[in-house]
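*Asks:* sharing a model that was predicted from the sequence below.
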Amino acid sequence: DSSYEEECDYLFKAVLIGDSGVGKSNLLSRFSKDEFRLDSKPTIGVEFAYRNIRVGDKLIKSQIWDTAGQERFRAITSSYYRGALGALLVYDITRRASFENVTKWLHEIREFGSSDMVIVLVGNKSDLGHSREVSEEEGRSLAELESLCFMETSALQNSNVEEVFLAMVANIHKIMS
Ligand code: GDP
Ligand code: MG
């Protein structure tokens with residue numbers, strides 16, 4: 001309901017990161033509006049979306065930033081990361097290259113982001129198992145190696161989307177309190 005504002009206990013910023021086409025915008029629209037788009041409209045869309053999440057007895061307002069397609073040119077600037085406490089680093093399980101680029105994105109996050117940022121590695125498009133190029137085990141191993149949380153999701157089927165954002169929020173809350 002937009003006609004009134006709930007009192008929230010915390011407000012924090014989180015960012016979506018990863019190669020173009022991996023499903024970042026759809027994960028965010030699924031999470032914030034329960035919507036999915038079959039076509040990719042990288043330049044249309046909001047800069048960020050809000051959602052209130054209850055963790056224990058606290059109400060946390062998360063402001064989640066999405067790129068407007070700049071990731072295609074590796075032109076994401078430091079202001080995108082500024083003040084962010086969390087990041088979802090997304091790859092596409094059907095596109096190996098997007099998984100191989102995860103380490104590049106991690107370098108960028110660690111260069112521009114704060115050192116205690118909660119990062120969740122997300123293997124999206126789990127509904128496309130028949131054209132999978134990255135096993136779940138590989139995703140999990142990389143996450144362990146880099147000390148990240150890990151989950152596979154499907155924005156299309158709305159599978160694990162809620163869980164992945166909640167995991168990030170809960171971990172941020174743990175660090176803040
Ligand atoms: P972004 O560039 O990372 O923001 O990616 P988009 O959210 O624009 O998605 C790119 C394309 O992948 C679009 O055609 C989406 O419909 C599609 N897509 C996104 N998430 C999923 C998913 O979970 N499963 C499938 N099958 N397609 C998806
Ligand atoms: Mg996008």
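*Replies:* Noted; the coordinates are in hand. Ligands and ions are numbered 1, 2, ... in the order given.
*Asks:* tell me if stretch 146-165 is near ligand 2.
*Replies:* No - for stretch 146-165, no contact with ligand 2 is found by CB under 5 Å from the ion; the gap never falls below 11.0 Å. Where C-beta positions appear, they are placed from N, C-alpha and C, glycine not excepted.
*Asks:* what comes up buried for that stretch?
*Replies:* Residues of stretch 146-165 classed as buried: 148-156, 159-161, 164-165 (neighbour count, 16 or more other CB atoms under 10 Å).
*Asks:* that one - what's its average pLDDT?
*Replies:* For stretch 146-165, mean pLDDT is 97.
*Asks:* now the end-to-end length of it.
*Replies:* Taking CA to CA, to the nearest Å, the first and last residues of stretch 146-165 lie 19 Å apart.
*Asks:* go ahead and name everything in contact with that stretch.
*Replies:* For stretch 146-165, the surrounding residues in contact (CB atoms under 8 Å, 6 or more residues apart in numbering) are 23, 26-27, 29-31, 34, 36, 51, 53, 62, 64, 88-89, 93, 106, 118-127, 136, 139-140, 142-144, 167-168, 171.
*Asks:* can you say which of these are buried?
*Replies:* Using 16+ other CB under 10 Å, the buried ones in those are 23, 26-27, 29-31, 36, 53, 62, 64, 88-89, 93, 106, 118-127, 139-140, 142-143, 167-168, 171.
*Asks:* tell me which of those fall in strands.
*Replies:* 53, 62, 64, 88-89, 118-124 (DSSP state E).
*Asks:* what's the most distant pair in these?
*Replies:* 53 and 123 (22.3 Å; CB to CB).
*Asks:* so where's the chain uncertain?
*Replies:* 1-6, 40-46 (pLDDT under 70).
*Asks:* residues from it in reach of ligand 1?
*Replies:* Counting by CB under 6 Å from any ligand atom, the residues of the chain close to ligand 1 are 20-26, 37-40, 42, 124-125, 127-128, 154-156.
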